[in-house]
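**Q** after the sequence you'll find the predicted model.
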Amino acid sequence: MMPTHMRFRRRSFLGLIFLFSLSTSALYFIYSAPGIVNEYLFMVQARGIQIRENVKYMGAQVLEQVVRSAYNVNSTDYTYEFNSSETDVPSTPYLPEGFTYKPDQVCPEKLPSMKGKMKVNMSEIALEEVERLLTKADPSVSLGGHWKPHDCLPRWKVAILVPFRDRHEHLPILFRHLIPALQRQRLQFGFYVIEQAGTEPFNRAMLFNVGFKEAMKDLNWDCVIFHDVDHILENDRNYYGCGDMPRHFAVKLNKYSYMLPYEEFFGGVSGLTVEQYRKINGFPNAFWGWGGEDDDLWNRVQFAGYKVSRPRGDTGRYMSIPHHHRGEVQFLGRYKLLRRSKERQSLDGLNNLNYSPLVSRRSLYTNVSVSLSRDLAPITDY
Ligand code: UDP
Ligand code: MN
């Protein structure tokens with residue numbers, strides 16, 4: 001039999017190996033799978049919030065019952081709706097079913113065709129099949145995914161910008177849901193898929209700046225939507241027009257348990273008028289890899305004196321198409337840049353960006369392929 005002290009040593013050695021592999025895999029996840037880590041951390045946090053909310057809610061109900069029974073002398077009680085939430089109550093009603101449009105008048109914002117909750121179908125489908133289905137349903141979709149209503153004048157001319165690299169299976173799923181919803185919203189729209197070529201880390205923000213400049217060469221858009229390819233809206237009352245204030249559309253994501261991860265969250269799907277976007281000098285170009293660029297946009301919007309608006313209640317629900325982070329790296333320098341959002345705003349953005357794109361028109365979108373590198377957006381010292 002082995003002496004006890006040796007058994008102990010052998011075990012602690014195995015323990016060390018175990019701890020080592022645990023910490024390396026933890027590092028691996030933090031560095032190269034940031035999406036998974038953030039989702040997990042958020043889920044843990046969200047569970048905590050939900051439990052706390054439930055406890056608070058039950059406590060409030062019990063108190064309510066106690067107080068009510070104490071005052072309820074003549075036993076004529078009123079019915080009380082416990083589950084109603086103020087934010088779910090629409091401010092103005094939607095127009096009735098038989099509403100007739102006038103071709104020379106601006107389309108209303110709350111149309112009877114906007115029914116609310118939509119069916120989401122995440123199954124893969126070929127792009128050609130979606131093209132076929134959509135043009136069959138409405139033959140007036142033209143090259144570049146351009147469309148405008150025929151029975152009224154569009155309230156907004158909206159350019160939808162989608163940053164893209166190697167997510168081919170996502171695009172048709174996005175179009176299948178978004179195009180019919182935008183048609184029901186009677187918006188004029190066009191789609192721009194801005195594809196990053198080359199081998200540099202992905203730069204979502206810079207792609208949006210490129211997309212903005214390219215789209216503006218086409219048409220005098222007045223509203224621009226910045227749309228992740230994997231975000232599928234669940235409610236067609238989530239109106240993709242712009243407003244006095246920059247808007248955050250993707251408020252409740254299934255991957256974040258349908259809760260806003262933090263108040264300053266501005267990711268997924270957001271939209272600004274062309275004027276607002278120019279005023280904030282667009283997105284920053286300096287965020288290479290995953291994360292931070294949306295927070296910087298939030299900062300820019302605040303510094304310009306805007307206050308972000310959001311759809312109420314369940315209107316802002318989205319499902320995201322599950323995906324891997326193949327070879328994507330987290331941008332660890334983001335915290336440093338975010339501390340300097342204000343100083344960088346006038347130096348890095350629409351105004352210091354050069355690029356040479358390859359533009360091609362497809363039936364449902366305009367493809368802008370662009371190779372990105374740091375020297376395309378030189379930034380003077382600050
Ligand atoms: N994206 C892409 N290819 C990539 C990385 C990102 O097309 O390799 C685009 C895509 O539109 C995606 C968005 O950038 O929806 C945000 O990136 P990602 O989905 O990786 O972020 P996460 O969902 O983890 O926040
Ligand atoms: Mn995603």
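**A** Yep, it's here. Ligands and ions are numbered 1, 2, ... in the order given.
**Q** drop to CA atoms for contacts and neighbour counts, all remaining ones
**A** Will do.
**Q** Y306: what secondary structure?
**A** Using DSSP: H, G, I helix; E, B strand; the rest coil, the structure places Y306 in coil.
**Q** show the model's pLDDT score for it.
**A** For Y306, the model assigns a pLDDT of 98.
**Q** ok, it touching P246?
**A** Yes - the criterion here is Cα atoms under 8 Å, and Y306 meets it with P246 at 7.1 Å.
**Q** the two: which has the busier surroundings?
**A** Taking other Cα atoms under 10 Å, Y306 and P246 do not tie; P246 has more neighbours (22 against 16).
**Q** please pull out the lowest mean pLDDT helix or strand from the chain.
**A** helix 34-71 (a mean of 61; mean pLDDT, DSSP states H and E).
**Q** any idea of the mean pLDDT for the helix or strand that that helix is followed by?
**A** Under the assignment DSSP states H and E, the closest C-terminal helix or strand after helix 34-71 is helix 127-137. Averaging pLDDT along helix 127-137 gives 97.
**Q** who does helix 127-137 touch, helix- and strand-wise?
**A** With contacts defined as 3 or more Cα pairs under 8 Å, 6 or more residues apart in numbering; DSSP states H and E, the secondary structure elements packing on helix 127-137 are helix 170-184.
**Q** which residues of the protein score low on pLDDT?
**A** 1-11, 29-91, 381-382 (pLDDT under 70).
**Q** now do 90
**A** Low-confidence segments of the chain, defined by pLDDT under 90, are located at 1-93, 97-102, 323-329, 380-382.
**Q** next, name the residue at the spatial heart of it.
**A** Note on the chain: the residue nearest the mean C-alpha position is G268, at 1.5 Å, using Cα atoms, centre = their mean.
**Q** so it touches H227, yeah?
**A** Yes - counting by Cα under 8 Å, H227 is a contact partner of G268 at 6.2 Å.
**Q** where along the stretch 151-300 of the chain do the helices fall?
**A** 170-184, 204-218, 274-279, 293-303 (DSSP state H, counting those that start in this stretch).
**Q** reformat the ones you listed as TSV; add distance to ligand 1 and mean neighbour count.
**A** Compiled in TSV, the helices of the stretch 151-300 of the chain are given as follows (distance: least, Cα to the nearest ligand atom, whole Å; neighbours: other Cα atoms under 10 Å):
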stretch	distance to ligand 1	mean neighbour count
helix 170-184	9	21
helix 204-218	6	21
helix 274-279	19	17
helix 293-303	10	22
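**Q** quick one: which of the ones you listed is nearest Y262?
**A** When the helices of the stretch 151-300 of the chain are compared by Cα to Cα, helix 293-303 sits nearest Y262, at 10.6 Å.
**Q** following element in sequence after the closest one, please.
**A** strand 317-320.
**Q** and for the residue in the stretch 151-300 of the chain that ligand 1 sits nearest to, nearest residue in space, chain neighbours not counted?
**A** Here the residue of the stretch 151-300 of the chain nearest ligand 1 is F164; by Cα to the nearest ligand atom that distance is 3.3 Å. Distances taken as Cα to Cα, 6 or more residues apart in numbering put E195 closest to F164, at 4.6 Å, once the chain neighbours are dropped.
**Q** isn't the one you found up against V368?
**A** Yes - E195 is in contact with V368 according to Cα under 8 Å; the separation is 6.0 Å.
**Q** near ligand 1, which residues of the stretch 201-350 of the chain show up?
**A** F202, R204, D228, V229, D230, H325 (Cα under 6 Å from any ligand atom).
**Q** who are the packing partners of the longest strand seen in the chain?
**A** With DSSP state E applied, the strand covering the greatest number of residues in the chain is identified as strand 188-197. If contacts are counted by 3+ Cα pairs under 8 Å, 6+ apart, strand 188-197 sits against strand 157-164, helix 204-218, strand 366-371.
**Q** now tabulate the helices of the stretch 151-300 of the chain in CSV and tack on distance to T135.
**A** Supplementary listing: these in CSV, determined by distance: least, Cα to Cα, whole Å:
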stretch, distance to T135
helix 170-184, 11
helix 204-218, 22
helix 274-279, 29
helix 293-303, 34
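**Q** which among those helices is found nearest to L364?
**A** helix 170-184 (8.0 Å).
**Q** residues in contact with that closest one?
**A** 111, 113-114, 120-127, 130, 134, 147-149, 189, 229-233, 236, 240, 321, 364 (Cα atoms under 8 Å, 6 or more residues apart in numbering).
**Q** how does it look with 6 Å?
**A** By Cα atoms under 6 Å, 6 or more residues apart in numbering, the surrounding residues in contact with helix 170-184 are S113, M114, L127, D236.
**Q** just stretch 109-122 next, same as before
**A** Residues outside stretch 109-122 that contact it (Cα under 6 Å, 6+ apart): Y94, L95, P96, E97, R184, E234, N235, D236, R237.
**Q** which one (most neighbours) among these?
**A** When neighbours are counted by other Cα under 10 Å, R237 leads these with 26 neighbours.
**Q** what is the burial count for K119?
**A** By other Cα under 10 Å, 10 other residues sit near K119.
**Q** follow-up on the earlier one: burial check on the residue of the stretch 151-300 of the chain closest to ligand 1, number of neighbours?
**A** The tally of other residues near F164 (other Cα under 10 Å) stands at 24.
**Q** just E200 next, same as before
**A** Neighbours of E200 under the rule other Cα under 10 Å: 13.
**Q** try the one 3 residues further on
**A** Neighbourhood size, N203 [other Cα under 10 Å]: 23.
**Q** that one and R165: what is the separation?
**A** Distance, N203 to R165, using Cα to Cα, to the nearest Å: 10 Å.
**Q** ok, now L182?
**A** For L182, the distance to R165 (Cα to Cα) stands at 24 Å.
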